[in-house]
Structures are given as C-alpha cells and as structure tokens.
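[1] got a predicted structure here, sequence first:
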Amino acid sequence: MRTRRIGDVQVGAIGLGAMPLSIEGRPEEGRSIATVHAALDAGVTLIDTADAYSLGADDVGHNESLIAKALASYGGDTSDVLVATKGGHTRPGGGSWALDGSPEHLRRACDASLKRLGVGAIGLYQFHRPDPAVPYAESVGAIRDLLDEGKIRMAGISNANPEQIRQAQEILGGRLASVQNEFSPRFRSSEPELRLCDELGIAFLPWSPLGGITRAGALGSAHSAFERVARAHGVSPQQVCLAWMLAKSPVVIPIPGSSRPETIRDSAAAAELELTPEEIAELDAA
C-alpha cells in the first residue's frame, strides 16, 4: 500500500475507522477481530479508535480494548501500526453523546486509554470535540501537557474549524500532527480545513468518508458520478470515493469505518487506484 505521513510516522494511505465495531449494531467479537486482522493483512497501519466508542457509561473503552486484543492476537508484525485514540467525548448511556473537554477529564481519559491499549505512550492522541463549556485553549493545553510529559507521542484535534486549527498549532508549539473532521461526497463543508492542513503540512483524517455507517453502501446510487467512474475502472464506488480524497492532497488519509473483513479490504485497495485528472474534476463537480 502507498504510504503517507502523520508527523514523523509513516502510515498506509488508508486507515481503519474502528467505531462500527463497538457502537450500536456492533458485530460479534470474532468478526470484529477478523476485520482488524484483514485490515492489517491489506497494509493498513493506522487504526482510529476512541474511549467513547461504546454503548454507554458502563462500556467505556470497549473499542480500545478490542483493538488491543486484535493486535495482540495478530500473527504478524504490528510494530509499525499507529493506534490513534481520542478523549473529550463521553457516552452517558441510552445512545446519547456528551462532552467533557476539561483538563481534568482529558488527563483521566488519557491514563485510562493507556491502560486499555497496554502501551507506555499513545501514538496519536486527539481532542475529540470542542466543549462549549470549556475554553478551547484549556482543552488543547491539556493535550500539550500530555505531549510534554511523554504520555502521548503525537497530538491531534477533531471536529475543528480553521481558527481552532491555527490556535491548536500555536498552543502545541507547531506540533499539531493531525486534524480529524467529517468529509465525504455528501458532506464537503470541511474543504477549508482540508486546504489549511495542506498549507500547514498537517495530516487531515476524513471520518465517515463514505457518508456514514447507514449510507456507505448506497454511495454509488446517491452520487451517480462515483458510480460512473467506478464502472470505468471495474471497482466499487467506495474505492473511487477514497481514491478521489487521496488525490486532493498528500496530507489526506481517509479512515473509512468497517465491520466486515471484505469491506476494509475493498477500502484498502483504493490506495492503489489512480484516477485521471478528468475523472477527479468530474467527481469534484458532482
């Protein structure tokens, strides 16, 4: 698989968004672990998780623990796998989501993530979502402190606007490694953030790049241009979508969610799909 960089770490050009393995509708554990193993077999070396990927307060960290178990049971070398996790989002229960961007919570969350992942330092730790009740500078300042203390090797932010990206880069002393925002054919409002990351040389990790768990399978029917280009190449519209994102900038690393081995294999193949300038223009205009 072609590679890209997050900070000074080289990763496969397509990552695995592991959230579907732990939230509502989660598959049984055996299939979940097989999905992670299939991703690794396909050359995926970036796995995105979060402590909040769970069913509720009594299930916090399910996804992190699952990823740790999958890596430990994999038969091959995992030394080059970068596990990215996040803190600042919570799941109080009943399918609801909440926020806690306080420095105290982020420190506790990071310590708990370290234990669940079984590592001495987290490869990439990201502030999950701005909390209106907490000044953004305080939340990012807590991430900076974790970085300075060596509990995390790289720092990122998620669901951020351009002003917050610039602010985080300043607070972190130029060490902002990644920005993870929603971006897909149906949700293109993060184009300004993508362009800014390209300008600053910061990795941009589109989440839900295929349109989300319930829409990914219908991407071709919802966006006919992707279906047309897919037929021309004899591949899936989902592969075309990910290849289109990769063509936008060398800082883009999509992290499609997957809950089945066959879907992550298909997504990983997008790293080798070359689109023509005319096809890219057609997809941009779709």
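    Here it is on my side, so go on. Note that the structure is predicted; figures quoted are calculated from it, not measured. Numbers count the residues shown, from 1 in each chain.
[2] spatially nearest residue to M1 (excluding sequence neighbours)?
    Nearest in space to M1, with sequence neighbours left out and distances taken as CB to CB, 6 or more residues apart in numbering, is G43 at 3.3 Å. In short, each C-beta sits where N, CA and C put it, glycine included.
[3] so which helix or strand takes in the one you found?
    Using DSSP states H and E, G43 sits within no helix or strand.
[4] mind checking pLDDT for it?
    Reported pLDDT at G43 in the predicted model: 98.
[5] make 22 the starting number, not 1.
    Okay, using 22 as the starting number, the last item reads as G64.
[6] got phi/psi on it?
    phi 100, psi 10 (degrees, to the nearest 10).
[7] number of residues surrounding it?
    17 (other CB atoms under 10 Å).
[8] where's it relative to P206, distance?
    24 Å (CB to CB, to the nearest Å).
[9] circling back to that earlier point, how near is the residue nearest to M22 to E283?
    From G64 over to E283 (counting by CB to CB), the distance is 16 Å.
[10] go on, F208?
    The gap separating F208 from E283 is 25 Å, by CB to CB.
[11] of those two, which one has the most company?
    F208 (15 against 10).
[12] touching, that one and G232? I think so.
    Yes. Between F208 and G232 there is a contact under CB atoms under 8 Å: 7.5 Å.
[13] show me where the stretch 122-271 of the chain has strands.
    Ranges of strands in the stretch 122-271 of the chain, per DSSP state E, counting those that start in this stretch, are 145-148, 176-179, 197-201, 224-225.
[14] could you dump those strands into JSON lines and include mean neighbour count, distance to A133 and mean pLDDT?
    As requested, the strands of the stretch 122-271 of the chain are exported to JSON lines (neighbours: other CB atoms under 10 Å; distance: least, CB to CB, whole Å; pLDDT from 0 to 100):
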{"stretch": "strand 145-148", "mean neighbour count": "26", "distance to A133": "12", "mean pLDDT": "98"}
{"stretch": "strand 176-179", "mean neighbour count": "25", "distance to A133": "18", "mean pLDDT": "98"}
{"stretch": "strand 197-201", "mean neighbour count": "27", "distance to A133": "20", "mean pLDDT": "98"}
{"stretch": "strand 224-225", "mean neighbour count": "26", "distance to A133": "25", "mean pLDDT": "98"}
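[15] can you map out the helices along the protein?
    Using DSSP state H, the helices of the chain run over residues 50-62, 83-94, 124-138, 157-169, 183-192, 212-221, 240-243, 245-254, 258-269, 282-289, 298-306.
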